[in-house]
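*Asks:* Below: sequence and its predicted model.
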Amino acid sequence: QDQFVESGGGLVQPGGSLKLSCEASGFILDHYAVGWFRQVPGKEREGLSCIGSSDSDGRTFYSDSAKGRFTISKDKHRNTLYLQMNSLKPEDTAVYSCGAGAFFKDCSPVEFFYWGQGTQVTVSS
């Protein structure tokens, strides 16, 4: 069964850091465009950062919310996607999930079809 298993969420103080992981199972992560998204209750899922597949131009996208604070990366050997988050703010509190698709243009959730179950990130003192 094709799926993602996410980990790394939790409670962190403002200004702190977290690293989220998303291990792919049943498919090769590097063959897909992949990205990180987040959602808070009552709002639409937001694309934070996306990276193209190995046979694409490898373009990396960061939203304004993520730029300068978050870094997306992947480990081909571990078949795992990561999101390093620094300088976290209370407004970063959300459920974070990873997604995979054939390609991406806008890092929009509609471009992705494999999803992880989500991991809660809470930024609070």
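*Replies:* Done, it's in.
*Asks:* May I have the secondary structure class of the residue positioned nearest the centre of the chain?
*Replies:* Residue closest to the mean C-alpha point of the chain, counted by CA atoms, centre = their mean, is Trp36 at 1.9 Å. At Trp36 the chain is in strand, as set by DSSP: H, G, I helix; E, B strand; the rest coil.
*Asks:* quick one: it and Ser53, what's the gap?
*Replies:* From Trp36 across to Ser53, the span is 16 Å (CB to CB, to the nearest Å). Every C-beta, even on glycine, is put in place using the N, C-alpha and C of the backbone.
*Asks:* what kind of secondary structure is the closest residue to Arg69 other than its chain neighbours in?
*Replies:* Ranked by CB to CB, 6 or more residues apart in numbering and with sequence neighbours excluded, the top spatial neighbour of Arg69 is Ser87, at 4.9 Å. Under three-state DSSP, Ser87 falls in the coil class.
*Asks:* Give the residue spans of this structure that score low on pLDDT.
*Replies:* Counting by pLDDT under 70, the chain contains low-confidence ranges at 1-2.
*Asks:* Gln59: neighbouring residues, count only.
*Replies:* Not Gln; residue 59 is Arg. Here the count is done by other CB atoms under 10 Å, and Arg59 has 13 residues near it.
*Asks:* going forward can the numbers begin at 645, since that is how I track them
*Replies:* Will do, 645 is the new start, and the previous item becomes Arg703.
*Asks:* Double-check it against Ser693; I have them as touching.
*Replies:* No - contact between Arg703 and Ser693 fails when scored by CB atoms under 8 Å: they sit 11.2 Å apart.
*Asks:* Any idea what the residue nearest to the centre of the chain is bridged to?
*Replies:* Here Trp680 sits in beta bridges with Ser693, Cys742, going by DSSP bridges.
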